[in-house]
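A.B. asks: let's see this in three dimensions:
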Amino acid sequence: MKIKVLHIIPDQNIGIAGQQMLAIYKNMNEDFRVIVPVGSQLKQFFDSNGLPCTTYAEMSDVKKAIKLAEPDIVHTHTSHELRILAHKMSKIKTVHTQHSAVSVNFFSKLLSGRLSHAVIATTKEARESLFKMGTSMKRIRMIYNGVPAIEQCDDKSKIRQQYNIPDDTFVVTCFASVNPEAKLENVLDAAKELPYNVIMLIAGVADGHKLALEARVRDEKLQNVRILGELENINDVINIANAQIIFDASCHQLLFAGMSAGKPTIATSDFDYYIVQDKVNGLIIPSFSAEELDDAITRLKENPQMYNDMSAETLLRYNNRFSVQRMAREIEEVYLGIMKA
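C.D. replies: Model (predicted):
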């Protein structure tokens, strides 16, 4: 018999929780319902994908939705207020997922550790946040958000031609939408030191910053840099990349997408060891200075055997740890566990 689960997602935009919800809906054989705030973009997003979704304006609407749905489990996401509400409806099993770091007041901390039957953290930062809010580390289950594998392109030369990238070049990508502008300047500094056959591809640049970066590329004659605007589809950019630079540990969606295509990662030492391990599926550098970036990219490019080993390990690590199927399986294990308890 299917487990009836009601997910309560407070997001107004199609964020990480919404993408995770759709992924587990498509990869788990349970009875799901979702409730989101009035006006949330998630309503149309879920409706268009066949996921039953209703809306709420006030907390009283959420209570009514829970009573009407009669779920076996209420699964809240990020919101501490919703977590408390679900806990008060004591006959229902509750699961809470923390997608980002938050803070609560002293009195909420006293209650926090007892609020949910199961607690999930999707990032190292979210786990630390839950601990600071009063949840024991022993009660927190780390389940990283899985992402669908990138659709592989057989003819990458056409994509390269689109961006004026020769076939015999080594392409390194970074996504501007999740990176501080100062660090993107370091990427341009590194490009000045790299040979002509290494292309730095900066994608997802907002219009205002795009003009400034293009001006510097033009003034300094950086012929091995490509600046791309906002992207609706990242598949092409990842397909033609050889490696990726990840500045921000929170941008798991882009990182895991690149890993699904076997792209080794360049990151710094504060990055999650479970995701990127030095000389295994990427290179860990002390800082994102131009010198360190130059050195890491050169090592990847000039050591084909090392690169191929890292690429293979990157794909293996994605399949074992960050695929949608793995995420759905682990969340279902949580549901089954608390239903048996």
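A.B. asks: tell me which residue of the chain is furthest from the middle?
C.D. replies: residue 219 (34.9 Å; C-alpha atoms, centre = their mean).
A.B. asks: what sits against that residue?
C.D. replies: Going by C-beta atoms under 8 Å, 6 or more residues apart in numbering, residue 219 touches no other residue. Placement of C-beta: from N, CA and C, glycine included.
A.B. asks: measure it to residue 212 for me?
C.D. replies: Noted for residue 219: a distance of 11 Å to residue 212, by C-beta to C-beta, to the nearest Å.
A.B. asks: please apply the same query to residue 186.
C.D. replies: On the measure of C-beta to C-beta, residue 186 and residue 212 end up 15 Å apart.
A.B. asks: for residue 309, same thing?
C.D. replies: Residue 309 is 38 Å from residue 212, by C-beta to C-beta.
A.B. asks: same question, residue 263
C.D. replies: When distance is defined by C-beta to C-beta, residue 263 is 27 Å away from residue 212.
A.B. asks: and what of residue 322?
C.D. replies: 34 Å.
A.B. asks: which one's more surrounded, those two?
C.D. replies: It is residue 322, of residue 322 and residue 212, that has more neighbours when counted by other C-beta atoms under 10 Å, with 22 against 14.
A.B. asks: my read: the more buried one touches residue 143, true?
C.D. replies: No. Judged on C-beta atoms under 8 Å, residue 322 makes no contact with residue 143 at a distance of 10.4 Å.
A.B. asks: what sits against the nearest residue to residue 49 once chain neighbours are set aside?
C.D. replies: Excluding the flanking residues, the one nearest residue 49 by C-beta to C-beta, 6 or more residues apart in numbering is residue 22, at 5.7 Å. Residue 22 is in contact with 45, 46, 49, 51, counting by C-beta under 8 Å, 6+ apart.
A.B. asks: could you look up the SS state of residue 22?
C.D. replies: helix (DSSP: H, G, I helix; E, B strand; the rest coil).
A.B. asks: mind pulling up the pLDDT for it?
C.D. replies: Model confidence at residue 22, given as pLDDT, is 90.
A.B. asks: and what of residue 28?
C.D. replies: You'll see residue 28 listed with a pLDDT of 92.
A.B. asks: likewise for residue 250?
C.D. replies: The predicted local confidence for residue 250 is 61.
A.B. asks: same question for stretch 315-330: list its buried residues.
C.D. replies: Neighbour-count burial for stretch 315-330, counted by 16 or more other C-beta atoms under 10 Å, picks out 315, 317, 318, 322, 323, 324, 326, 327, 328, 330.
A.B. asks: pLDDT on that stretch, on average?
C.D. replies: 95.
A.B. asks: try stretch 158-175
C.D. replies: If you average the pLDDT over stretch 158-175, you get 92.
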